[in-house]
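Undergrad: Show me how the following folds:
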Amino acid sequence: MLIIHIFSLLIRPGSHLFHFIVPGSKNICNTLLSFYINTYTIFDSAFIFIAILHACILTLIIGGNFMKERGYIEQLWREEKYHVLLHSQQSHQMIRNALKTDLSLHQVQQMIDVALLIEPSIGSVCNAFDHMWGYLKKCANEEERQQSKLLKADFINGKIDTQTLLDFLAELANKYDVQYLLQSRVLNTKRKR
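TA: Numbering: from 1, shown residues only. Reported below is the predicted structural model:
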């Protein structure tokens with residue numbers, strides 16, 4: 001009985017373990033456990049056990065759906081993050097911060113869609129280029145490193161367009177099989193959303 005009570009204290013609402021066990025389902029499980037813990041005393045361990053059992057069932061029901069949707073959200077962000085960064089560093093940062101909260105896939109997609117409406121600036125394109133180049137510079141040869149610098153300078157001076165920069169990065173990502181970049185929609189213009 002004492003073990004059940006200790007376990008119930010570990011997974012009480014607000015505890016770190018509770019929110020680790022039940023991600024994304026704070027409101028329902030907090031309400032349920034609060035009801036049981038506030039209603040029954042330490043000596044009513046059978047009722048506490050029932051509360052734990054209910055919390056575990058809710059974890060399976062709610063947590064399973066949350067984890068599935070969270071996986072889709074992470075995949076979407078993996079595909080779109082550099083596309084968003086290309087358009088706006090502020091939007092990129094805002095979405096990154098928002099992803100630390102409980103958002104639906106639909107909400108994340110809406111935020112991305114709004115960000116992609118922003119006209120890319122020279123600075124935002126260079127920033128996205130630099131971030132993606134960071135994955136390639138260690139494996140690129142000296143000629144490719146020099147070409148990277150020249151292309152960026154030509155872009156800043158208006159001699160080439162954004163697509164030329166992206167094509168260069170896509171070519172190297174394919175050559176060196178950098179999967180993280182190959183998954184990025186901004187480098188894979190043939191893939192449709």
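Undergrad: shaky segments in this structure?
TA: Counting by pLDDT under 70, the ranges of the chain that qualify are 1-67, 189-193.
Undergrad: What residues does residue 72 make contact with?
TA: The contact partners of residue 72, by Cβ atoms under 8 Å, 6 or more residues apart in numbering, come to residue 105. Every C-beta, even on glycine, is put in place using the N, C-alpha and C of the backbone.
Undergrad: May I have the secondary structure class of it?
TA: helix (DSSP: H, G, I helix; E, B strand; the rest coil).
Undergrad: Okay, it and residue 154: tell me how far apart.
TA: To residue 154, residue 72 is 38 Å away according to Cβ to Cβ, to the nearest Å.
Undergrad: Show me which positions of the host helix or strand of residue 92 end up buried.
TA: Secondary structure assignment for residue 92, by DSSP states H and E: helix 89-98. Using 16 or more other Cβ atoms under 10 Å as the test for burial, helix 89-98 gives 89, 91-92, 95.
Undergrad: What of stretch 175-191?
TA: Buried residues in stretch 175-191, counting neighbours by 16+ other Cβ under 10 Å, are found at 176, 178, 181, 183-188.
Undergrad: got it, and stretch 129-136?
TA: With burial defined by 16+ other Cβ under 10 Å, the residues of stretch 129-136 counted as buried are 129, 131-133, 135-136.
Undergrad: Report the backbone C-alpha coordinates of stretch 93-106 in CSV.
TA: What follows is stretch 93-106, C-alpha atoms only, in CSV (Å, rounded to 0.1, in the frame of the first residue of the first chain):
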residue,chain,number,x,y,z
GLN,A,93,12.2,31.5,-34.7
MET,A,94,8.5,32.1,-33.9
ILE,A,95,7.6,28.6,-35.2
ARG,A,96,10.6,27.0,-33.4
ASN,A,97,9.4,28.5,-30.1
ALA,A,98,5.8,27.6,-30.8
LEU,A,99,6.8,23.9,-31.4
LYS,A,100,7.8,23.8,-27.7
THR,A,101,4.1,24.0,-26.9
ASP,A,102,1.2,21.7,-27.7
LEU,A,103,0.3,22.6,-31.2
SER,A,104,-1.8,20.7,-33.7
LEU,A,105,-0.4,19.7,-37.1
HIS,A,106,-3.0,22.1,-38.7
